[in-house]
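*Asks:* Mind folding the following:
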Amino acid sequence: MAAIAAGLVSGCESSPSIGVLGAYFPDWLFCIVAGVALTVVIYLIVKRLQAGHLMGPSAVVYPTLVAFLALAVWLMLFQH
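*Replies:* Model prediction:
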């Protein structure tokens, strides 16, 4: 029974968080902020190039782009 409990608790040995000025924030929070910021940059580039008609329905494209970029940032920066 103790071996099973030790196996289940071993996943909690390191929390995925980053210390910022004494407070700890989860990794995913930084990834979402980066995803939103990168999506805004892409939106501004697309708007400047006047290629918005190629992006399809905005209500689908931009939230999907936020999710994709957030996951890409997580894979590039926070994989241990």
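*Asks:* what's the least confident helix or strand in this structure, going by average pLDDT?
*Replies:* Lowest by mean pLDDT, DSSP states H and E among the helices and strands of the chain is strand 17-20, with a mean of 66.
*Asks:* Partner strands of the following helix or strand past that strand, with direction?
*Replies:* Next helix or strand after strand 17-20 toward the C-terminus (DSSP states H and E): strand 23-26. Strand pairing for strand 23-26, determined by DSSP bridges: strand 17-20 (antiparallel).
*Asks:* which regions of the chain lie under the pLDDT threshold?
*Replies:* 5-22, 24, 80 (pLDDT under 70).
*Asks:* Do a quick rundown of the helices in it.
*Replies:* 2-9, 27-48, 58-77 (DSSP state H).
*Asks:* Report the buried residues of the longest one.
*Replies:* If you call a residue buried by 16 or more other C-beta atoms under 10 Å, then helix 27-48 has these buried ones: Asp27, Phe30, Cys31, Ile32, Ala34, Gly35, Leu38, Thr39, Ile42, Tyr43, Val46. Using the backbone N, CA and C atoms, a C-beta is placed for each residue, glycine as well.
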